[in-house]
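[1] pasting the sequence and the predicted coordinates here, then a few questions.
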Amino acid sequence: MSVKYSVVMRKNPAKSSEPGKYYAHAQAYGEMDFDSLCEEVNGRCTVTRADVAAAVEAILESMKKALAEGRIVRLGNFGSFQIGVRSNGAVKEDEFVSSMIRGTRISFRPGKLLTNMQKTLAYTQVAKLPVKVTNGGNEVG
């Protein structure tokens, strides 16, 4: 397996007066949608594509319920999911009110399966992907 990357210049926003440095930027080539994933799993075992889709949908519904209850969802070697919150700060603890919470995020921590996969990757430098331009002329990457 080889991760494709290009090299891009980025400035440090905290030190905008300093010149930018060049960094690797992973390039995605295509995607695997849900149906393709179900077909791939179907080809690796005796479970049908419909069974795979039904099981994943049921897992997602169970995860949604558990995360909303504040539980960590652990999926074995795949990894774990947990809800985190973003909020504005209060000077004193007793001044904090729930309306200061701006929203939530779902944190994913990869397990051994994905962590070990990362250790075996190779890297291939490729040309930068072309920048997409919207109707307003703003760059979109």
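    Yep, that arrived.
[2] may I ask which helix or strand encompasses the residue nearest in space to the middle of the chain?
    What sits nearest the mean C-alpha location of the chain, by Cα atoms, centre = their mean, is residue 108, with 7.6 Å. Secondary structure assignment for residue 108, by DSSP states H and E: strand 101-110.
[3] and the contacts of that strand?
    By Cβ atoms under 8 Å, 6 or more residues apart in numbering, the residues outside strand 101-110 that reach it are 67, 78-88, 118. To be clear about C-beta, it is placed using only N, CA and C from the backbone, and glycine gets the same treatment.
[4] parallel or antiparallel, list what pairs with that strand.
    Strand 101-110 sits in its sheet next to strand 79-87 (antiparallel), going by DSSP bridges.
[5] touching the strand it pairs with from outside, list them.
    Contacts of strand 79-87 (Cβ under 8 Å, 6+ apart): 63, 67-68, 70, 72-75, 96, 100-111, 113-114.
[6] just the buried members of those?
    By neighbour count, with 16 or more other Cβ atoms under 10 Å, the contacts of strand 79-87 hold 67, 73 as buried.
[7] picking up where we left off before, of the contacts of strand 101-110, which pair is most distant in space?
    88 and 118 (35.0 Å; Cβ to Cβ).
[8] mind checking the longest helix of this protein?
    As assigned by DSSP state H, the longest helix anywhere in the chain is helix 49-68.
[9] make TSV out of the contacts of strand 101-110 and add pLDDT and distance to residue 51.
    Converted to TSV, the contacts of strand 101-110 look like this (pLDDT from 0 to 100; distance: Cβ to Cβ, whole Å):
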residue	pLDDT	distance to residue 51
67	96	24
78	92	19
79	95	23
80	97	25
81	97	23
82	97	28
83	95	29
84	95	33
85	93	36
86	94	38
87	95	42
88	94	46
118	93	30
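[10] the closest residue to residue 121 other than its chain neighbours - how many residues pack around it?
    In space, and not counting its chain neighbours, residue 121 is closest to residue 3: 5.2 Å by Cβ to Cβ, 6 or more residues apart in numbering. When neighbours are counted by other Cβ atoms under 10 Å, residue 3 registers 13.
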